[in-house]
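A.B. asks: Build me a structure from this.
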Amino acid sequence: MNDINIDLLTHLAIYGLIGYMLFVIAMVAKESNVPRIGKIWMFIVLGAGFSGWIVKDIMTLTLL
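C.D. replies: Purely as a prediction, here's the structure:
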């Protein structure tokens with residue numbers, strides 16, 4: 001049990017939370033009857049918060 005990689009678990013947990021946030025954004029957009037362009041902007045604006053994490057993660061993996 002001591003062989004658990006904490007970094008891997010942290011990344012999996014954060015990506016799980018990102019997936020949940022995308023699900024919540026989709027449900028809010030669906031229930032509020034927003035037009036298509038509004039849904040796109042919701043994903044762009046609210047997704048900008050975690051896009052930095054994803055870009056940093058990709059850069060870290062490619063530069064190592």
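A.B. asks: List the buried residues of the strand or helix carrying residue 39.
C.D. replies: Using DSSP states H and E, residue 39 sits within helix 36-63. Within helix 36-63, the residues that count as buried by 16 or more other Cβ atoms under 10 Å are 39, 42. Backbone N, C-alpha and C define where each C-beta goes, glycine included.
A.B. asks: Quick check: mean pLDDT of that helix?
C.D. replies: In this model, helix 36-63 carries a mean pLDDT of 87.
A.B. asks: Show me what that helix is packed up against.
C.D. replies: In terms of contacts (3 or more Cβ pairs under 8 Å, 6 or more residues apart in numbering; DSSP states H and E), helix 36-63 is packed against helix 6-31.
A.B. asks: what is the orientation angle of the helix it packs on with helix 36-63?
C.D. replies: 170 degrees (axes from the mean of the first three to the mean of the last three Cα atoms, to 10 degrees).
A.B. asks: buried residues in helix 6-31?
C.D. replies: Buried-residue list, helix 6-31, by 16+ other Cβ under 10 Å: 18, 25, 29.
A.B. asks: Would you quantify the distance from the last one to residue 35?
C.D. replies: Applying Cβ to Cβ, to the nearest Å, one obtains 10 Å for the distance of residue 29 from residue 35.
A.B. asks: what separates the closest residue to residue 46 other than its chain neighbours from residue 17, distance-wise?
C.D. replies: Excluding the flanking residues, the one nearest residue 46 by Cβ to Cβ, 6 or more residues apart in numbering is residue 25, at 5.3 Å. When distance is defined by Cβ to Cβ, residue 25 is 13 Å away from residue 17.
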